[in-house]
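J.: Sequence first, predicted model second:
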Amino acid sequence: DTPDMPFIETDFRKRKPHPNYKMHYDVENEVIGIARKYRSQIRAIVIGSGVTYGGREDVLFYWFEKAWECEKLLPILGRGGNAVPLINVQDLAQ
């Protein structure tokens with residue numbers, strides 16, 4: 001398991017939810033189970049989208065604010081080698 005590699009379809013079954021998101025995980029599995037049971041009537045897809053932004057920039061507001069204020073340096077987490085998967089809500093909705 002290389003952290004630089006993206007998740008692929010076979011990783012879906014290996015997921016282990018954080019305790020705060022156990023209910024989300026259970027709902028995803030229930031929806032997929034129902035969709036399999038009633039294939040001719042229901043289609044379902046679970047999307048692991050990363051961090052969404054757009055509309056209300058809640059998650060990224062701090063960094064946008066610092067950029068608007070022309071801060072010379074923006075804070076980073078850890079060493080800064082992390083890649084945060086971002087997607088605009090409108091792109092996700094399409």
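T.: It's in. Residues are numbered from 1 along each chain as shown.

J.: all strands in this protein, in order from the N-terminus.
T.: Assigned by DSSP state E, the chain shows strands spanning 51-53, 86-88.

J.: so who does G55 touch?
T.: By C-beta atoms under 8 Å, 6 or more residues apart in numbering, G55 lies in contact with V89. (Each C-beta comes from the backbone N, C-alpha and C, glycine too.)

J.: so how many other residues sit close to the nearest residue in space to I42 that is not next to it in sequence?
T.: Spatially, and ignoring its direct neighbours in sequence, I42 is nearest to A35 (4.7 Å; C-beta to C-beta, 6 or more residues apart in numbering). Per other C-beta atoms under 10 Å, the neighbour tally for A35 reads 15.

J.: Return the residues in contact with A35.
T.: 42-44 are the contacts of A35 under C-beta under 8 Å, 6+ apart.

J.: What is the burial count for the residue nearest to F7 when sequence neighbours are not counted?
T.: Excluding its sequence neighbours, the residue lying closest to F7 (C-beta to C-beta, 6+ apart) is G48, at 6.5 Å. G48 has 10 neighbouring residues, counting by other C-beta under 10 Å.

J.: surely G48 meets I8?
T.: No - G48 is beyond contact range of I8, at 10.9 Å (criterion: C-beta atoms under 8 Å).

J.: Send me stretch 77-94 as CSV with only the CA atoms.
T.: C-alpha atoms of stretch 77-94 as CSV (Å, rounded to 0.1, in the frame of the first residue of the first chain):
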residue,chain,number,x,y,z
LEU,A,77,-0.1,20.8,7.7
GLY,A,78,2.8,18.5,8.5
ARG,A,79,5.7,18.7,6.1
GLY,A,80,3.5,19.9,3.2
GLY,A,81,4.0,16.9,1.1
ASN,A,82,0.4,15.8,1.4
ALA,A,83,-2.0,16.0,-1.5
VAL,A,84,-5.6,16.9,-0.5
PRO,A,85,-8.2,15.6,-3.0
LEU,A,86,-10.4,18.6,-3.8
ILE,A,87,-13.5,18.8,-6.0
ASN,A,88,-15.9,21.6,-6.7
VAL,A,89,-19.5,20.8,-5.7
GLN,A,90,-20.7,21.7,-9.2
ASP,A,91,-18.2,19.3,-10.8
LEU,A,92,-19.2,16.6,-8.3
ALA,A,93,-22.9,17.1,-9.1
GLN,A,94,-22.3,16.6,-12.8
